[in-house]
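K.L.:
Sequence and predicted structure are below.
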Amino acid sequence: MLLSKPQPKSQPPKSVARQFANVNAGMPPTHWDYEAVSIGWGDQEHYLIDDRVGRGKYSEVFSGYDQRTDSRVIIKVLKPVRTKKIKREIKILQVLYGCVNVIKLYDLVRDADSRSPAFIFEHVKNHDHKELYPKLSDMDIRFYLFELLRALQCAHSHGIMHRDVKPHNIMIDHDRRELKLIDWGLAEFYHPGVSYNCRVASRYYKGPELLVDFQEYDYSLDMWSVGCVMAGMCFGMEVFFHGADNADQLVKIVKVLGTDGLEDYLARYDITLPDDVQVALGKKRYMGIPLETFSTGHEDKAHPIAVDLIKRLLKYDHLERLTAEEAMQHPYFDPVRH
């Protein structure tokens with residue numbers, strides 16, 4: 001049987017995760033071999049679709065009801081997609097079932113006529129982040145970021161990278177003070193030395209490793225995305241790095257973090273910039289902008305201890321970023337740690 005574990009290159013890895021590098025190597029193939037997943041379809045007649053609550057590249061999402069229990073659920077109807085991708089998401093959701101602040105998968109069904117598969121999830125109420133984030137207090141932001149890190153710490157400890165952390169995938173029920181990390185459709189099992197697809201994550205939350213096409217990335221990709229989310233929350237910006245395309249996204253990052261740091265990163269991992277990125281960067285050198293500059297007018301949320309944590313997440317070098325576990329120990333979270 002062909003296993004779904006990607007085959008590492010014959011040469012030594014250019015980069016290996018600082019934490020949880022060998023989680024999957026220490027587990028039986030049943031933990032990470034999603035191609036071997038046997039899908040057990042439930043009965044779609046148990047569920048009623050109500051209102052559409054979201055739409056993405058790969059799916060449409062509805063609120064609905066489980067008629068057996070008269071309880072609300074979320075129904076994610078997949079658009080045509082490879083069976084391998086469906087199996088990967090199923091396997092990851094099964095592995096993470098019960099992980100703190102990770103959405104729970106309840107059932108899998110398939111429409112009798114269209115054969116379209118649908119995932120049945122626990123119901124999650126969400127406040128739109130564009131309206132909610134500006135209203136959050138300093139302590140609210142600390143609380144929800146800590147809850148997000150708890151979800152990522154659990155996923156990473158199971159050998160799984162989310163690869164699409166962004167506000168749209170962070171469901172917050174502010175009335176109940178609950179957070180759920182959703183949409184594990186791009187998530188993947190981490191194996192050292194494997195070259196992964198860089199066409200993951202949403203543009204504004206892509207780590208530099210994706211933008212320079214460095215494929216041996218790891219869980220630290222998620223930590224860059226957390227840094228972007230936190231920067232937006234604390235600095236009162238809907239998006240912190242707002243690039244027009246992927247090449248311009250790196251330009252926006254370089255303007256803040258500086259050219260020298262990028263060049264050090266490229267040299268350290270022997271990375272050659274893609275042509276379009278070289279063109280976008282041009283010959284101009286950027287000194288960088290101190291992150292404290294963005295605190296002006298937002299000192300109640302972007303105080304020095306918050307900016308310090310953002311700095312430790314928004315590092316070019318993925319191996320220099322804090323892990324989820326390290327970030328949770330940062331003094332920023334002292335008032336909300338539990």
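P.N.:
Perfect, I can see it now. Residues are numbered from 1 along each chain as shown.
K.L.:
Wait, Asn169 touches Asp183, no?
P.N.:
Yes - if you go by C-beta atoms under 8 Å, Asn169 and Asp183 touch, sitting 4.5 Å apart. All C-beta atoms are positioned from the backbone trio N, CA, C, and that covers glycine.
K.L.:
Show me the longest helix that occurs in this protein.
P.N.:
Looking across the chain with DSSP state H, the single longest helix is helix 138-157.
K.L.:
mind listing what's buried in that helix?
P.N.:
Across helix 138-157, burial judged by 16 or more other C-beta atoms under 10 Å covers 138, 140-156.
K.L.:
any idea of the mean pLDDT for that helix?
P.N.:
For helix 138-157, mean pLDDT is 98.
K.L.:
right, and the helix or strand after it?
P.N.:
Counting by DSSP states H and E, the element after helix 138-157 in chain order, helix or strand, is strand 160-161.
K.L.:
Report the strands that pair with the next helix-or-strand element following that next one, each with its relative direction.
P.N.:
Next helix or strand after strand 160-161 toward the C-terminus (DSSP H and E): strand 170-173. Partners of strand 170-173 in the sheet, by DSSP bridges, are strand 178-181 (antiparallel).
K.L.:
quick one: contacts of the strand it pairs with?
P.N.:
101-103, 124, 144, 147-148, 151-152, 155, 162, 165, 169-173 (C-beta atoms under 8 Å, 6 or more residues apart in numbering).
K.L.:
buried set for it?
P.N.:
Neighbour count says strand 178-181 has Leu179, Lys180, Leu181 buried, by 16+ other C-beta under 10 Å.
K.L.:
same thing with stretch 105-125?
P.N.:
By 16+ other C-beta under 10 Å, the buried positions in stretch 105-125 come out as 105-109, 116-121, 123-124.
K.L.:
re earlier: from the buried residues of strand 178-181, pick the one nearest Phe294.
P.N.:
Leu179 (24.3 Å; C-beta to C-beta).
K.L.:
Bridged to the closest one, which residues?
P.N.:
The partner residues for Leu179, given DSSP bridges, come to Ile172.
K.L.:
So what's the gap between the helix-or-strand element of the chain with minimal mean pLDDT and the chain middle?
P.N.:
In the chain, no helix or strand scores lower on mean pLDDT, DSSP states H and E than strand 47-55, which sits at a mean of 92. Mean C-alpha position of strand 47-55 versus that of the full chain (C-alpha atoms, centre = their mean, to the nearest Å) differs by 24 Å.
K.L.:
Also stretch 218-231?
P.N.:
7 Å.
K.L.:
Just say helix, strand or coil for Ala302.
P.N.:
Three-state call for Ala302 (DSSP: H, G, I helix; E, B strand; the rest coil): coil.
K.L.:
Quick check, it in contact with Met230.
P.N.:
No - using C-beta under 8 Å, Ala302 is not in contact with Met230, being 9.7 Å away.
K.L.:
now Val212: how far from Ala280?
P.N.:
With distances taken as C-beta to C-beta, to the nearest Å, Val212 is found 12 Å from Ala280.
K.L.:
Quick one: the strands in the chain, in order.
P.N.:
47-55, 59-66, 71-78, 105-110, 117-122, 160-161, 170-173, 178-181, 188-189 (DSSP state E).
K.L.:
who touches both of Val212 and Ala280?
P.N.:
Leu250.
K.L.:
where in the stretch 51-200 of the chain is pLDDT low?
P.N.:
Counting by pLDDT under 70, the stretch 51-200 of the chain contains no low-confidence range.
K.L.:
Try it again at 90.
P.N.:
Applying pLDDT under 90 to the stretch 51-200 of the chain flags residues 54-58, 79-82, 111-116.
K.L.:
Could I get the strands of the chain in JSON lines, plus columns for distance to Leu262?
P.N.:
JSON lines is the format used below for these (distance: least, C-beta to C-beta, whole Å):
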{"stretch": "strand 47-55", "distance to Leu262": "35"}
{"stretch": "strand 59-66", "distance to Leu262": "35"}
{"stretch": "strand 71-78", "distance to Leu262": "38"}
{"stretch": "strand 105-110", "distance to Leu262": "39"}
{"stretch": "strand 117-122", "distance to Leu262": "39"}
{"stretch": "strand 160-161", "distance to Leu262": "23"}
{"stretch": "strand 170-173", "distance to Leu262": "28"}
{"stretch": "strand 178-181", "distance to Leu262": "29"}
{"stretch": "strand 188-189", "distance to Leu262": "26"}
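K.L.:
Which among these is found nearest to Arg268?
P.N.:
Closest among these, once you apply C-beta to C-beta, is strand 160-161, at 21.0 Å.
K.L.:
Having no further points to raise, I will conclude here.
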